[in-house]
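following is a predicted model, sequence given first.
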Number of protein chains: 2
Amino acid sequence: MITVQDVIDQLEEGVMLDSSTVDGLMYGDSKDEIKGITVSFMPSIDVIKKNVDLKANLLITHEALFYQHHSNQALEKNNSLVEEKKSIIEQTNLAIYRNHDAIHRYQPDGITHGLIAELDWQQYVNEQESAYSILHIPNSTLAKVATQVKQKLGINYLRFVGNKDMKCEKIAVLVGYRGNGPTTIPLLEKVDLVIYGEGPEWETPEFVWDASQLGVPKGLIQLGHAESEDPGMKWLANQLKDRFPSIPVTFLPTVRRFQLI
Amino acid sequence: MITVQDVIDQLEEGVMLDSSTVDGLMYGDSKDEIKGITVSFMPSIDVIKKNVDLKANLLITHEALFYQHHSNQALEKNNSLVEEKKSIIEQTNLAIYRNHDAIHRYQPDGITHGLIAELDWQQYVNEQESAYSILHIPNSTLAKVATQVKQKLGINYLRFVGNKDMKCEKIAVLVGYRGNGPTTIPLLEKVDLVIYGEGPEWETPEFVWDASQLGVPKGLIQLGHAESEDPGMKWLANQLKDRFPSIPVTFLPTVRRFQLI
């Protein structure tokens, strides 16, 4: 019999989590027998409901249930939608385990690794750090890279800053909110292009803009947070399939939230 | 003779700034005589250089010079682009005054007021709070609102979450980074739609998504940070024109940073 705790032990293997970690079992009992596992970036209501059809009783998710990175009691207590979501979860008897900090501490970072694997760029990795990887892709331009990224990740449009014909052979790849200035601006001293999930618009985009005003070709591509982290959770689902071959494991990709008008 | 200090006194009139304010004179001498004023959302290099052609010697800007809301010495010290930008500013002899906190404390908030005025929606304002205004626009849908916003602000595309045909008569308008969850999620209990500059993707967009999964029609429109705050700085430029009729005052709109591919 494989229990929820057996899967948790596997997820946390070799990782030291701080006392302030956001990871952990949010719902369910660690002694329950696992019948099926789903893995997703976001534990949204559609994802939770799919577990019923799939007869899965453990959802492993990267982000939080209630729209905040850290639990926010003030927000949760006074919100009718939060109440309704809690009641849906309780009705499903689903165990929900958040794996955010652990997967980012795998070596290499499982989320960054999953993105680079999905892009089929593993052969270009030149340097691996905890918050980013640096790739050398020969004969690339911003437009060529963006077109490849769109196709490999199934994204309809990408937002970018910079000249689309600029050469960008040295590329830093970052996931999630690592598009913030303190992380990406120093990197732009040594790379041509940063690719990230999201980040504040007044930081890195302004740096890239000013660089272009000085004739220094720099670029950024903003993937979207889910778009940058979904592949890492897909990679995790495949790891769990290998580790627990007797249990059905299903990766549930994030349906695109943003539309254009 | 009108000095830099006279203009600063006007900008700060009736406002109490904290000791931690980001506002203040970043470059220049408060005793200098003003020859011309420019006003912009962002003190980017193209904006700084335009002051030379316009013979303006005071730039009033909303955001910071060096890609961080608060000054970040570690980032500034080791960056060749920052060094080059500083040297360009010194060569122009331009005075640069940051007006971020003060304009947000005008009553009503000058940036929110400027956006609503640019949208020609003043007659719909139902409630004015420090961080947002609530408007009642009869017979509106998300698509109708988005189309009006694009046209009035000169935006080519807008990102939104929700059903574009949903009714949205009650709308909260927020500028800048006020698209964060703690600000907008409680508002969505009483309005149909939030319109904001930017905010983390895992907060309000996920709340709106989950609401739609429960058949509760909610929506959000993300304008972009500059797109949401440029009109407020344009409004400020017009206020200064009225107050100092002898001085040429020019509003410099932000050139769009992000392109789509």
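Here it is on my side, so go on. Quick caveat, the model's predicted, so the values are computed rather than measured. Numbers count the residues shown, from 1 in each chain, chains lettered A, B, ... in the order given.

contacts and neighbour counts: CA atoms only from here.
OK.

domains of chain A?
Domain ranges of chain A: A:4-105, A:110-225, per automatic domain parsing.

out of those domains, nearest to B:I221?
Nearest of the domains of chain A to B:I221, taken as Cα to Cα: domain A:110-225 at 15.6 Å.

does chain B sit close to the closest one?
Yes. Domain A:110-225 lies within reach of chain B by Cα under 8 Å from any Cα of the partner chain, at A:143, A:146-147, A:157-161, A:181-182, A:185-186, A:189, A:198, A:200-207, A:209-211, A:213, A:224-225.

narrow those residues to those in strands?
A:159-161 (DSSP state E).

same list (those) but as a markdown table, adding neighbour count and pLDDT.
Output for those, formatted as a markdown table (neighbours: other Cα atoms under 10 Å in any protein chain shown; pLDDT from 0 to 100):
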| residue | neighbour count | pLDDT |
| --- | --- | --- |
| A:R159 | 15 | 98 |
| A:F160 | 23 | 98 |
| A:V161 | 24 | 98 |
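
now, which of those sits nearest A:K49?
Nearest member of those to A:K49, counting by Cα to Cα, is A:R159, at 31.7 Å.

what's near enough to touch the closest residue to that closest one other than its chain neighbours?
Counting by Cα to Cα, 6 or more residues apart in numbering or on different chains, A:R159 lies nearest to B:L260, which is 4.8 Å off, once chain neighbours are set aside. Applying Cα atoms under 8 Å, 6 or more residues apart in numbering or on different chains to B:L260 gives the contacts A:157-160.

need the buried ones from the residues of domain A:110-225 next to chain B selected in PyMOL.
Restricted to buried positions by 16 or more other Cα atoms under 10 Å in any protein chain shown, the PyMOL selection for the residues of domain A:110-225 next to chain B reads:
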select buried, chain A and resi 143+146+147+157+158+160+161+181+182+185+186+198+200+201+202+203+204+205+206+207+209+210+211+224+225
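
surely A:D23 is in contact with A:H104?
No. When contacts are counted by Cα atoms under 8 Å, A:D23 is not listed as touching A:H104 (11.1 Å).

in the stretch 51-200 of chain A, what residue comes closest to chain B?
A:Y67 (4.3 Å; Cα to the nearest Cα).

wait, is that residue part of a helix?
No. Under DSSP: H, G, I helix; E, B strand; the rest coil, A:Y67 falls outside any helix and is assigned coil.

what pLDDT is listed against the most centrally placed residue in chain A?
The residue lying closest to the centre of chain A (Cα atoms, centre = their mean) is A:E229, at 1.8 Å. For A:E229, the pLDDT comes out at 98.

so who does it touch?
Residues near A:E229 by Cα under 8 Å, 6+ apart: A:41, A:111-112, A:114-115, A:175-176, A:197.

of those, closest to B:Q5?
Nearest to B:Q5 among the contacts of A:E229, with distances taken as Cα to Cα, is A:G197, at 42.5 Å.

so where do the strands sit in the stretch 51-200 of chain A?
A:58-61, A:95-98, A:125-128, A:133-136, A:159-161, A:170-173, A:193-196 (DSSP state E, counting those that start in this stretch).

partner strands of the second one, with direction?
What it means is strand A:95-98. Strand A:95-98 has the following strand partners under DSSP bridges: strand A:24-27 (antiparallel), strand A:58-61 (parallel).

next one: that strand to chain centre, how far?
For strand A:95-98, the separation from the chain centroid amounts to 16 Å (computed by Cα atoms, centre = their mean, to the nearest Å).

with the fifth one instead?
Mean C-alpha position of strand A:159-161 versus that of the full chain (Cα atoms, centre = their mean) differs by 19 Å.

quick one: the helices in chain A, in order.
A:4-11, A:45-54, A:73-77, A:80-92, A:101-105, A:110-118, A:142-153, A:181-187, A:204-213, A:225-243 (DSSP state H).

how about A:N156, nearest residue that isn't a chain neighbour?
Counting by Cα to Cα, 6+ apart, the nearest residue to A:N156 once its immediate chain neighbours are dropped is A:K150, at 6.5 Å.

quick one: A:K241 and A:K234 touch, right?
No. With contact defined as Cα under 8 Å, A:K241 does not count as touching A:K234 (10.7 Å).

more neighbours, those two?
Using other Cα atoms under 10 Å in any protein chain shown as the criterion, A:K241 and A:K234 rank with A:K234 on top: 22 against 16.

residue contacts, that one?
With Cα under 8 Å, 6+ apart, A:K234 has these contacts: A:39-40, A:114, A:251, A:253.

kindly provide the distance from the closest residue to A:K55 other than its chain neighbours to chain B.
Closest residue to A:K55 apart from its sequence neighbours, by Cα to Cα, 6+ apart: A:G36 at 6.4 Å. Distance of A:G36 to chain B, computed by Cα to the nearest Cα, to the nearest Å: 23 Å.

so A:V194 touches A:C168, yeah?
No. Between A:V194 and A:C168 there is no contact under Cα under 8 Å: 9.5 Å.

the helix or strand bottoming out on mean pLDDT in chain A vs chain B: in contact?
Lowest on mean pLDDT, DSSP states H and E among the helices and strands of chain A sits helix A:73-77, with a mean of 89. Yes. Residues of helix A:73-77 contacting chain B under Cα under 8 Å from any Cα: A:L75.

the closest residue to A:T141 other than its chain neighbours - how many residues pack around it?
Computed as Cα to Cα, 6+ apart, the closest residue to A:T141 that is not its neighbour in sequence is A:K167, at 4.3 Å. By other Cα under 10 Å, 20 other residues sit near A:K167.

likewise A:S246?
Neighbourhood size, A:S246 [other Cα under 10 Å]: 11.

just A:Y27 next, same as before
When neighbours are defined as other Cα under 10 Å, A:Y27 has 17 of them.

which residues does it form beta bridges with?
As for beta bridges, A:Y27 partners with A:I96 under DSSP bridges.

quick one: residues contacting it.
Under the criterion of Cα under 8 Å, 6+ apart, the neighbours of A:Y27 are A:94-97.

now A:T3
A:30-34.

out of those, who has the most neighbours?
Tallying neighbours with other Cα under 10 Å puts A:I34 at the head of these, with 20 neighbours.

correct me, but it touches A:L58?
Yes. Judged on Cα under 8 Å, A:I34 makes contact with A:L58 at a distance of 6.9 Å.

need the residues touching each of the two.
Among the neighbours of A:I34, those also in contact with A:L58 (Cα under 8 Å, 6+ apart) are A:V4.

rewinding a little: for the helices of chain A, which has the smallest mean pLDDT value?
Mean pLDDT values for the helices of chain A show the minimum at helix A:73-77, a mean of 89.

and that one, what does it pack against?
With contacts taken as 3 or more Cα pairs under 8 Å, 6 or more residues apart in numbering or on different chains; DSSP states H and E, helix A:73-77 sits against helix A:80-92, helix B:181-187.

what about it, distance to the chain center?
25 Å.
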